[in-house]
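Q: what shape does this take:
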Amino acid sequence: MTVRNASPRALTVLQQAILNFLWSKGPATADQVREALLPKHPLKDSSVRTLLRRLEAQGYLSHRLDGKAFVYQAAMLQRSVAARAVRNIIDRFCAGSVEQFLVGMVDEKVLSVEQIERLARKVRSQK
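A: Below is the predicted model:
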């Protein structure tokens, strides 16, 4: 099986719900994932399996065989997926400028200047 890099497209609501479940609860079968999505997302078994296969093809999930059942688990850390999503936003809305993105975050009061300074100190200490 060939695993591609994670898709540059944003995750759908259902894909995000599946990943959130696997990150919080750990490995699960397709049936367990389907049950976890209820009642908010009532899906057929085949739909859940298709979503799981697509997430795996994109590199977000992996699976192992347990008897006859596939057991899926997250193949990427939650923070790595979040970082990729932010990178996509920076590329799409800020012409790739992290500085422009951060200034916008401060201007819109998403991050305070103190939080940005704390992050800057953390980055400097990792060099």
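Q: spatially central residue in this structure, please.
A: residue 81 (3.8 Å; CA atoms, centre = their mean).
Q: any idea how far it lies from residue 75?
A: With distances defined as CB to CB, to the nearest Å, the gap from residue 81 to residue 75 amounts to 10 Å. Bear in mind the C-beta positions are built from the backbone N, C-alpha and C, glycine included.
Q: which residues are in contact with each of the two?
A: Residues touching both residue 81 and residue 75 comprise residue 60, with contact defined as CB atoms under 8 Å, 6 or more residues apart in numbering.
Q: list the buried residues in the helix or strand containing residue 90.
A: Under the criterion DSSP states H and E, the helix or strand holding residue 90 is helix 78-93. Judged by neighbour count (16 or more other CB atoms under 10 Å), helix 78-93 contains these buried residues: 81, 84, 90.
Q: moving C-terminal of it, what's the next helix or strand?
A: In N-to-C order, the element after helix 78-93 by DSSP H and E is helix 98-107.
Q: how big is the angle separating whichever helix or strand comes after that next one from helix 98-107?
A: Helices and strands here follow DSSP H and E; after helix 98-107, the next one along the chain is helix 113-125. Counting by axes from the mean of the first three to the mean of the last three CA atoms, to 10 degrees, helix 113-125 points 150 degrees away from the direction of helix 98-107.
Q: residues in contact with the closest residue to residue 69 other than its chain neighbours?
A: Nearest residue to residue 69, sequence neighbours excluded (CB to CB, 6 or more residues apart in numbering): residue 29, at 4.9 Å. Residues in contact with residue 29, defined by CB under 8 Å, 6+ apart, are 66, 69, 70, 71, 72.
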